[in-house]
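1. how would this look folded up:
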Amino acid sequence: MKRVVALLLTLGLLLPGLEAAAAEYRRPSAAQLQELRRWLCPNGGTPVRGAPGRCDGAGGRRGGGSASGFGSPAPGWDRGLPAASRAQTQCPEGTRPVLARGHEDVTRCLPG
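-> Below you'll find the model as predicted:
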């Protein structure tokens, strides 16, 4: 019985130390966090919490701007394109209309 009590007492004394060591082990250093940010957002900014694969695009600056975070498009990729009309249009010259896979009412324009 004394051995069981001694064992439980020893475990009780060791467990708080193990929990603290485990918590420290899981906490990355500032250098590790910076390395992770550079890997996740190679073009600058910081990862957007709750939006995997998205960066705020701030490039180190905070606050307002054209790329303010989740939901904002990549800046400039659509310059010069007409606004979306949400209606099917004719296929451009050099392409042919093909029914999209899995759809009854969507047409894609493929070369040919």
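
2. Can you tell me the SS state at residue 35?
-> Assigned with DSSP: H, G, I helix; E, B strand; the rest coil, residue 35 falls in the helix class.

3. Pull the number of nearby residues for it.
-> By the measure other Cβ atoms under 10 Å, the count of residues near residue 35 is 12. (Glycine included, C-beta is placed from N, CA and C.)

4. what do you get for the one 5 residues further on?
-> Neighbours of residue 40 under the rule other Cβ under 10 Å: 15.

5. wait, what's in contact with it?
-> By Cβ atoms under 8 Å, 6 or more residues apart in numbering, the residues touching residue 40 are 47, 55.

6. Let me see the ranges of the helices in the chain.
-> 2-26, 30-40 (DSSP state H).

7. Select from these the stretch with the lowest mean pLDDT.
-> Out of the helices of the chain, helix 2-26 stands lowest, with a mean of 69 (criterion: mean pLDDT).

8. Residue 48 and residue 54 touch, don't they?
-> Yes. Checked against Cβ atoms under 8 Å, the pair residue 48 and residue 54 is within contact range at 4.2 Å.

9. Any figure for the gap between residue 56 and residue 46?
-> Separation of residue 56 from residue 46 (Cβ to Cβ, to the nearest Å): 6 Å.
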